[in-house]
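Curious how this folds, go ahead:
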Amino acid sequence: MANVGPAYGMSRDVLSRIEKKYDNELEGRLVEWIIAQVGAAVGRPEEGRFGFQAWLKNGIVLGKLINSLHPEGSKPVKIPEPPPSMVFKQMEQVAQFLKAAENYGVVKTDIFQTVDLFEGKDMAAVQRTLMALGSIAVTKNDGHYHGDRKST
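Below you'll find the predicted structure:
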């Protein structure tokens, strides 16, 4: 990853606009959905964009999420044990999630770029992808969450 210094001028304006699109309330709803879908074993991130990013960054939580929406025996993402520690392996894990999400039905324009998550460039795009995935899961009646009420 390249070292990036502070942004100035128009770059700072663009970065500021991207950061303003991040929704802290939506983050909370997404975290609750992921935990309800995957289970409490995935833990809970620290509040805020950076905690959310760190929680998802290695791709394990994302892989478990997309796998939980598929029937047993047809899991699209292989979850390595132990979790990957090398950067390219973590990015590869995120890329597997993105491909599986697209195959699940998330429109390509709703899918974030790996760098958006990994470098924290556009966490709002990550939120949009997860919202699109959640919407499709509700439509397909997959998983443990159905709109505003949780299934029992």
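
so where do the strands sit in the protein?
Using DSSP state E, the strands of the chain run over residues 145-146, 149-150.

among those, which gets the worst mean confidence?
Here the lowest mean pLDDT among the strands of the chain goes to strand 149-150, at a mean of 50.

Kindly provide the distance from residue 57 to residue 27.
15 Å (CB to CB, to the nearest Å). Glycine gets a C-beta too; all of them are placed from N, C-alpha and C.

now do residue 78
27 Å.

Between those two, point out the one with more neighbours.
residue 27 (20 against 9; other CB atoms under 10 Å).

ok, that one to residue 39 distance?
Counting by CB to CB - residue 27 and residue 39 are separated by 19 Å.

Report pLDDT for the residue lying closest to residue 129 once chain neighbours are set aside.
Residue nearest to residue 129 in three dimensions, not counting chain neighbours: residue 112, with 4.8 Å by CB to CB, 6 or more residues apart in numbering. Turning to residue 112, the model gives it a pLDDT of 96.

Quick check, residue 112 in contact with residue 97.
No - taking contacts as CB atoms under 8 Å, residue 112 lies outside contact range of residue 97: 10.0 Å.

which one of those two has more residues nearby?
Taking neighbours as other CB under 10 Å, residue 112 and residue 97 compare with residue 97 leading, 26 against 20.

which residues in the chain form helices?
9-20, 24-38, 49-56, 60-68, 87-104, 114-118, 123-140 (DSSP state H).

Next, residue 105: phi, psi?
Dihedral angles phi and psi of residue 105 (degrees, to the nearest 10) take the values phi 130, psi 0.

Just the local confidence number for it, please.
At residue 105, pLDDT is 95.

same question, residue 12
pLDDT at residue 12 comes out at 56.

do residue 135 as well
pLDDT, residue 135: 91.

and the residue lying closest to residue 63 once chain neighbours are set aside, how far is that from residue 28?
In space, and not counting its chain neighbours, residue 63 is closest to residue 77: 3.8 Å by CB to CB, 6+ apart. Counting by CB to CB, the gap from residue 77 to residue 28 is 25 Å.

The two: which has the busier surroundings?
residue 77 (23 against 12).

separation between that one and residue 38?
From residue 77 to residue 38 the distance is 12 Å (CB to CB).

what residue ranges in the protein score low on pLDDT?
Applying pLDDT under 70 to the chain flags the ranges 1-20, 145-152.
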